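Visitor: Here you go, sequence then predicted model.
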Amino acid sequence: MIALRLLGIGAVYGLAFAIVKSLFPSPLILLTLDGGDRTVLALFYMGVGLVAGLISGPVFGGLLLSRRRSGPGETSGGTRLALSLGLGLLMGAVSGVLTLAAYSAGLLPSGDTLDPLKLIRASNFPTGTPLLIAWTIFRDLLPAGLTGLFLSPVGGGFLIRLYEAGRPLVQKTYDEDF
């Protein structure tokens, strides 16, 4: 039951990530102005957001579930925004890795405008290759972070309940010094 909820929250975040990612210039311009292979490329870039959400939701939920078992006496420090941003940023990193893997496996046409391997192969200075690989993986963090920010009121409640489940409730005390 919890796995289905995690998959559902991953699907919601992934769909929102695909929409936010499509608003960034390259996929939207490729989709509207060009046809053929670039349309497939733009749809891939938007679709990888949904797949990244479906992968990241259960992974992040598993991390939250393992965290809650580690310290039953600790108090919760997680907030809706922090947990939602965490899921969003994990989703962005997964999206970057999936994009890089698709290009290296030959699923997408090489040498195109958005091909990160073209830049990586063309780098001729020592720190260029690792820096370009990191940039390729993490360039989706801005739209993913925005997704986490936008969905924190909706999805953050579920994530915080998951984070705090199984922990003892802490009684709040108030000082009566008036």
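Guide: Yep, that arrived.

Visitor: Following element in sequence after the longest helix that the chain contains, please.
Guide: Longest helix in the chain, counting residues (DSSP state H): helix 37-70. Helices and strands here follow DSSP states H and E; after helix 37-70, the next one along the chain is helix 80-105.

Visitor: So which elements touch the longest helix of the chain?
Guide: helix 2-23, helix 25-33, helix 80-105, helix 141-164 (3 or more C-beta pairs under 8 Å, 6 or more residues apart in numbering; DSSP states H and E). Glycine gets a C-beta too; all of them are placed from N, C-alpha and C.

Visitor: quick one: which of those helices is nearest residue 174?
Guide: helix 141-164 (21.2 Å; C-beta to C-beta).

Visitor: tilt between that closest one and helix 2-23?
Guide: Following axes from the mean of the first three to the mean of the last three C-alpha atoms, to 10 degrees, one obtains 160 degrees for the angle between helix 141-164 and helix 2-23.

Visitor: With just CA atoms, put helix 141-164 into CSV.
Guide: C-alpha atoms of helix 141-164 as CSV (Å, rounded to 0.1, in the frame of the first residue of the first chain):
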residue,chain,number,x,y,z
LEU,A,141,18.1,20.8,-10.8
LEU,A,142,16.6,24.2,-11.4
PRO,A,143,13.3,23.0,-13.0
ALA,A,144,13.3,20.1,-10.5
GLY,A,145,13.8,22.5,-7.6
LEU,A,146,11.0,24.7,-8.9
THR,A,147,8.8,21.6,-9.1
GLY,A,148,9.5,20.8,-5.4
LEU,A,149,8.8,24.4,-4.5
PHE,A,150,5.5,24.5,-6.3
LEU,A,151,4.3,21.1,-5.0
SER,A,152,5.4,21.5,-1.4
PRO,A,153,1.9,22.6,-0.2
VAL,A,154,0.4,19.5,-1.8
GLY,A,155,3.0,16.7,-1.7
GLY,A,156,4.9,18.0,1.3
GLY,A,157,2.2,16.9,3.7
PHE,A,158,2.4,13.3,2.6
LEU,A,159,6.2,13.4,2.8
ILE,A,160,6.2,14.9,6.3
ARG,A,161,3.7,12.2,7.5
LEU,A,162,5.9,9.6,6.0
TYR,A,163,8.9,11.1,7.7
GLU,A,164,7.2,11.4,11.1
